[in-house]
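1. Okay, sequence plus prediction incoming.
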Amino acid sequence: MQKKGFQYKLKDLETEVTAVIKIKDIKELYRLKDQISIKWWETGLVLLLFGSGFGFMLTISKLIPVSHPFVYWFSLFWIAAILLTLIGCIEFLIGKFRALRRLYEIHTRIMESLQKDLEDLKKRVSESGTPPEE
């Protein structure tokens, strides 16, 4: 049985594998970017959250018996506190997601700039034949 040699030079194979990996990474990057992008319905969810919280508060205020005013106001206060805390936490998370989206955009821009600089540096090194001095 006769051994066949590689059809590609090692450098060409490395270039093709690197290109395939970059293409896969770019496709995944765009897919993830689309998943975290701001959607048109997010503002509606925030309005719905506040509206439903207000409606829940009104419903609870009518369901608590008014026969004992202290118990009524005590229960109403704690339900309001829980509801406001829940709404505040959700708003906090939405703010964090917005910050993460912005951070992602900035890091993507920086990475693209660094990759371009690296390609320019590789090109200059390959043209001159000597490593660059700092």
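-> All right, it came through fine.
2. Measure how buried Leu76 is and give me the count.
-> Other residues within reach of Leu76, judged by other Cβ atoms under 10 Å, total 14. Using the backbone N, CA and C atoms, a C-beta is placed for each residue, glycine as well.
3. Tell me the gap between the longest helix along the chain and the middle of its chain.
-> Ranked by residue count, the top helix of the chain under DSSP state H comes out as helix 69-128. Helix 69-128 has its C-alpha centroid displaced from the chain centroid by 7 Å (Cα atoms, centre = their mean, to the nearest Å).
4. and it, what does it pack onto?
-> helix 10-36, helix 42-63 (3 or more Cβ pairs under 8 Å, 6 or more residues apart in numbering; DSSP states H and E).
5. Which strands and helices lie in contact with the last one?
-> Identification of packing neighbours for helix 42-63 by 3+ Cβ pairs under 8 Å, 6+ apart yields helix 69-128.
6. The first one now?
-> The criterion is 3+ Cβ pairs under 8 Å, 6+ apart, and the helices and strands that helix 10-36 contacts are helix 69-128.
7. coming back round to it: quick one: the longest helix of the chain to helix 10-36, angle?
-> Between the axes of helix 69-128 and helix 10-36, defined by axes from the mean of the first three to the mean of the last three Cα atoms, to 10 degrees, the angle is 160 degrees.
8. Would you mind getting the angle between helix 69-128 and helix 42-63?
-> 170 degrees.
9. and helix 69-128, what's its mean pLDDT?
-> Computed over helix 69-128, the mean pLDDT rounds to 88.
10. and Glu105, how far is that from Gly95?
-> Separation of Glu105 from Gly95 (Cβ to Cβ, to the nearest Å): 16 Å.
11. just Ser67 next, same as before
-> Taken as Cβ to Cβ, the span from Ser67 to Gly95 is 42 Å.
12. what does Glu16 give?
-> Separation of Glu16 from Gly95 (Cβ to Cβ) stands at 44 Å.
13. same question, Glu14
-> 44 Å.
14. what do you get for Ile110?
-> In terms of Cβ to Cβ, Ile110 sits 23 Å off from Gly95.
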